[in-house]
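Asks: I need the structure of the sequence given here:
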Amino acid sequence: MRLQKPRVAPLQDNEFTEEQRDALDYFIREGWVLNIFRTLARAPKALKRFNLWGGYVLSSRNDLSPRDRELVILRTGFMCKSGYEWAQHVIIGKDCGLSDAEIARIKRGPEDTEWSDLDRAMLQATDELVADHFISEATWKALSGLTDKQRMDIVFTVGQYTQVSMILNTFGVQLDEGLDLDPDLRR
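Replies: Just a heads-up that it's a prediction; the model follows:
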């Protein structure tokens, strides 16, 4: 974690305005308002729009398989040094079929020799997008096993989770109860 305490404090239930409660409605109904949403609720209009785009990236409208989507999200979070992002998506990644060994290898990136060619290409694309905001021609060709829409969804996913990581890191969003900070993301 980059910060040991929040710069922007998450709202407590008794602090929600009507507009904030409306922006958080889905999470309140589900019974889990995570710290990221409690923090973003301070800008409720932005939170509503953020949830629309984030909802696309995490849905079946994203043509990446859930496993591939989580591979890309976890690599983005690790590259952005976002302890919160990593901790949340390790759980989601396992639910989407990533093994503990694969999750450990995500930290090593595309150079790890155990990746399939396509996994390596997706990780390489993620690294290039985070570092240079561009996928090289060689990596684009290595992604040829994907449809154009799937390649677009890699860019959309990395873009979304780079933004999420910037939000989490800069606002100092702290881990939710029950999550553990990965030792490689300690500051």
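Asks: looking at it, Glu19 is touching Pro44, isn't it?
Replies: Yes. Between Glu19 and Pro44 there is a contact at 4.7 Å, judged by C-beta atoms under 8 Å. C-betas here are computed from N, CA, C, even on glycine.
Asks: which one of the two has more residues nearby?
Replies: Using other C-beta atoms under 10 Å as the criterion, Glu19 and Pro44 rank with Pro44 on top: 17 against 13.
Asks: what's the pLDDT at the nearest residue to Ser136 once chain neighbours are set aside?
Replies: If the residues on either side of it in the chain are set aside, Ser136 comes closest to Glu128, at 5.9 Å by C-beta to C-beta, 6 or more residues apart in numbering. For Glu128, the pLDDT comes out at 98.
Asks: what count of nearby residues applies to Glu128?
Replies: Neighbour tally, Glu128, other C-beta under 10 Å: 18.
Asks: assign it to helix, strand or coil.
Replies: Assigned by DSSP: H, G, I helix; E, B strand; the rest coil, the conformation of Glu128 is helix.
Asks: how about it, what does it touch?
Replies: Residues in contact with Glu128 (C-beta atoms under 8 Å, 6 or more residues apart in numbering) are 134-136, 139.
Asks: make JSON lines from these and add distance to Arg151 and pLDDT to it.
Replies: Formatted as JSON lines, the contacts of Glu128 follow (distance: C-beta to C-beta, whole Å; pLDDT from 0 to 100):
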{"residue": "Phe134", "distance to Arg151": "13", "pLDDT": "98"}
{"residue": "Ile135", "distance to Arg151": "8", "pLDDT": "98"}
{"residue": "Ser136", "distance to Arg151": "13", "pLDDT": "98"}
{"residue": "Thr139", "distance to Arg151": "10", "pLDDT": "98"}
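Asks: narrow those residues to just the buried residues.
Replies: Those of these that meet the buried threshold are 135, 139, by 16 or more other C-beta atoms under 10 Å.
Asks: buried residues in the one helix or strand Thr162 maps to?
Replies: According to DSSP states H and E, Thr162 maps onto helix 148-171. Neighbour counts over helix 148-171 (16+ other C-beta under 10 Å) mark 150-151, 153-162, 164-165, 167-169, 171 as buried.
Asks: separation between the residue nearest to Ser136 and Ile154?
Replies: 10 Å (C-beta to C-beta, to the nearest Å).
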